[in-house]
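> got a sequence here, can you model it:
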Amino acid sequence: AIEVPPVLGNMEKDDLIYTEGMGPVQVTQTLTVTDIDSRYLNLATIRITDGYNASEDILRYSGKISGTWDSKTGTLSLSGRATLSDYQAALRSIRYENTNIINPSTRRRSVSFTVGTFFETSNTVYRYITLIAKNSPPVLGHIETSSMEYCIIQEPAIVTASITVSDPDNTTLNGAIIAIADGYVPDQDQLVFTDQNGITGSWDPASGIMELSGTSLLSNYQLALRSIKYTNTNELEPSAGSRKISFFVDDGSDKSNEVSREVLVHDRVTGLLTGNNTICKDDNASIPLQISFRGTPPWEVEISRNGVFEASYRNITANPFTFNVKQEGTYRIASVSDRYCTGDTAGSGYARILFYELPTAVLSGSDSICENSSADLNVTLTGTPPWQFSYRKNADNPIDVSNVLISPDLITVSEEGTYTLVELYDKNCKGLVS
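As a prediction, the model looks like this:
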């Protein structure tokens, strides 16, 4: 008798629709296996014949009939004596999977099925697979985790220098959103962007959003995001505190993940110097000057006298801060900074220290006097009245003279002896006597 080959039939006519990332999917649910003169089969061959991509496509099988997958040829081979129904169940259990879940090839696949005995081979039937690739959204990463410190008097500052832009299945992007998401202060906070590489920027001060638009390469959008700058336009009374700057990009189909960086806006740093005074020229006393700070301690300050560097003070935590000077001149704050920022010396005040010239007293006059008569000695004075001085005869105790308003002053004496000045004061200072 002539052996009749087995027959495969009832394969689905419609394509199997396989969407990216679906995982293993049953190739056929309706395929039938018949053989009019045998109840058993010995083998089956299932092969991805058209569109096969060895790096992506796989036929998966697990059952009681032995199966071997050859990734080089895209062929699944089943072997072993089993009933028709067992082979039919085995063929219906075969699943197709595309392992590229990011950017698979969308070329149409065809899967062929053949069964046989040791003597006859069946017809070949096909199931076609249409692949639908899903868009993968772009990815932002590697933004700095540390806060950006912003000082009021500085130029607009780059928000991030390390952010990266990638997209698994696109080489270009269509736009980006950079927003001051938290802490936004209208009329102060601003994001700055310079148009580049076909990318244009539009700042909305009402919402605190910078929108970038234009189709351009991923690398160009990465450069664009790295060029975004933050500035605060209120240089006198800024609202210090935290701002959250968030970033998104868009490939035309999907938005990326959000990444953000904190910007810490610091208060204006200033110092106000006070303490005008006048001291006596030969006086060793020191004069206290005071600086009232604004900002975050510790502060550093440099002081000039008459336009020349005089002294520097560091690690200042006291506010106000007091220091002492001994020299005449005009003292100013040459520079000031706090923990984070260099400060502004405009309107920082000054302290003027002046010297009083020391008063002098010169005693003159000599005479002979008769008994029971008197003589006048002159005391010539310089300085600012009223004066107070003392004199003595020989080694006697000093005699005080006070509230002298006119120079020279006369001392009337009636006793013989040598008269000398002991001490002198004018309105301001202790003076010199001779």
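> which stretches of the stretch 101-250 of the chain form helices?
Secondary structure of the stretch 101-250 of the chain by DSSP state H, counting those that start in this stretch: the helices cover 218-226.
> got the end-to-end distance for stretch 44-57?
End-to-end distance of stretch 44-57: 19 Å, with Cα to Cα, to the nearest Å as the criterion.
> list the buried residues in that stretch.
Residues of stretch 44-57 classed as buried: 44-48, 51-53, 56-57 (neighbour count, 16 or more other Cβ atoms under 10 Å). Bear in mind the C-beta positions are built from the backbone N, C-alpha and C, glycine included.
> now, which of the residues you listed sits nearest Ser390?
Glu56 (112.8 Å; Cβ to Cβ).
> touching, that closest one and Pro104? I think so.
Yes: if you go by Cβ atoms under 8 Å, Glu56 and Pro104 touch, sitting 5.5 Å apart.
> on that earlier part again, any chance of the buried residues of stretch 44-57 in TSV, plus distance to Glu258?
What follows is those, written out as TSV (distance: Cβ to Cβ, whole Å):
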residue	distance to Glu258
Ala44	51
Thr45	50
Ile46	45
Arg47	46
Ile48	40
Gly51	38
Tyr52	39
Asn53	34
Glu56	31
Asp57	35
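> who's in contact with Arg81?
By Cβ atoms under 8 Å, 6 or more residues apart in numbering, the residues touching Arg81 are 40-42.
> ugh, wrong one, Leu8
Per Cβ under 8 Å, 6+ apart, neighbours of Leu8: 31-33, 113-115, 122-125.
> quick check: it is in a strand.
Yes: assignment of Leu8 by DSSP: H, G, I helix; E, B strand; the rest coil places it within a strand.
> can you name the residues bridging to it?
Taking DSSP bridges as the rule, Leu8 bridges to Val33.
> for Leu91, helix, strand, or coil?
Once three-state DSSP is applied, Leu91 turns out helix.
> that one reaches Ile46, doesn't it?
Yes: between Leu91 and Ile46 a contact is recorded at 7.1 Å, counting by Cβ under 8 Å.
> what is in contact with those two at once?
Phe113.
> low-confidence stretches in the protein?
1, 283 (pLDDT under 70).
> give me the most central residue, it.
Nearest residue to the geometric centre of the chain (Cα atoms, centre = their mean): Met148, 1.7 Å.
> relative to Ser246, how far out is the closest residue to that one other than its chain neighbours?
Leaving out its chain neighbours, the residue that sits closest to Met148 by Cβ to Cβ, 6 or more residues apart in numbering is Val263, at 4.8 Å. From Val263 over to Ser246 the distance is 11 Å, taken as Cβ to Cβ, to the nearest Å.
> same deal with Tyr150?
Taken as Cβ to Cβ, the span from Tyr150 to Ser246 is 17 Å.
> swap in Ile94?
47 Å.
> same deal with Ile46?
50 Å.
> for Gly80, same thing?
60 Å.
> quick one, which of Val263 and Ser246 is more surrounded?
Shown here are Val263 and Ser246; by other Cβ atoms under 10 Å, Val263 has more neighbours (21 against 17).
> whichever strand or helix holds that one: partners in the sheet, and parallel or antiparallel?
For Val263, the element it lies in under DSSP states H and E is strand 259-265. Strand 259-265 has its sheet partners listed here by DSSP bridges as strand 148-150 (parallel), strand 241-250 (antiparallel).
> and of these, who's closest to Asn277?
The nearest among those, by Cβ to Cβ, is strand 148-150 at 38.3 Å.
> stretch 202-213: how far from the chain's middle?
How far stretch 202-213 lies from its chain's middle: 20 Å, per Cα atoms, centre = their mean, to the nearest Å.
> quick one: buried residues of that stretch?
208-212.
> re earlier: list the contacts for the residue nearest to Met148?
Val263 neighbours (Cβ under 8 Å, 6+ apart): 147-148, 150, 159, 230, 242-245.
> any idea what it is bridged to?
The partner residues for Val263, given DSSP bridges, come to Met148, Arg243.
> measure it to Ser256 for me?
For Val263, the distance to Ser256 - Cβ to Cβ - is 21 Å.
> then Glu120?
Taking Cβ to Cβ, one finds Glu120 at 58 Å from Ser256.
> surely Thr45 touches Val111?
No: the pair Thr45 / Val111 is not scored as a contact, 10.9 Å apart, by Cβ under 8 Å.
> so what's Ile316 up against?
Contacts of Ile316 (Cβ under 8 Å, 6+ apart): 293, 297-301.
> give me that answer again for 6 Å
298-299 (Cβ atoms under 6 Å, 6 or more residues apart in numbering).
> okay, and the beta partners of it?
Bridge pairing for Ile316 - DSSP bridges - gives Trp299.
> what's the nearest residue to Asn234 if we skip its chain neighbours?
That would be Gln188: by Cβ to Cβ, 6+ apart, it lies 4.6 Å from Asn234.
> is it true that the one you found touches Tyr230?
No: proximity of Gln188 to Tyr230 does not meet the contact threshold set by Cβ atoms under 6 Å, at 10.8 Å.
> tell me which of these two has more neighbours.
Tyr230 (21 against 18).
> now do the more buried one against Val259, distance only.
15 Å.
> Asn277 too?
Applying Cβ to Cβ to Asn277 and Val259 gives a distance of 57 Å.
> higher neighbour count, those two?
With neighbours defined as other Cβ under 10 Å, Asn277 and Val259 compare such that Val259 has more, 20 against 13.
> which residues does that one bridge with?
Going by DSSP bridges, Val259 forms beta bridges with Phe247.
> residue contacts, it?
140, 143, 247.
> of the residues you listed, which is the nearest to Thr380?
Ile143 (82.4 Å).
> quick revisit: tell me the one of the contacts of Val263 nearest Tyr313?
Tyr150 (25.7 Å).
> the nearest residue to the closest one once chain neighbours are set aside and Arg243, how far apart?
Computed as Cβ to Cβ, 6+ apart, the closest residue to Tyr150 that is not its neighbour in sequence is Val265, at 5.0 Å. The spacing between Val265 and Arg243, counted by Cβ to Cβ, is 6 Å.
> which phi and psi does the closest residue in space to Ser256 that isn't next to it in sequence have?
The shortest distance from Ser256 to any non-neighbouring residue, by Cβ to Cβ, 6+ apart, is to Pro138 (4.2 Å). Per-residue torsions, Pro138: phi -70, psi 160 (degrees, to the nearest 10).
> fine by me, thanks again.
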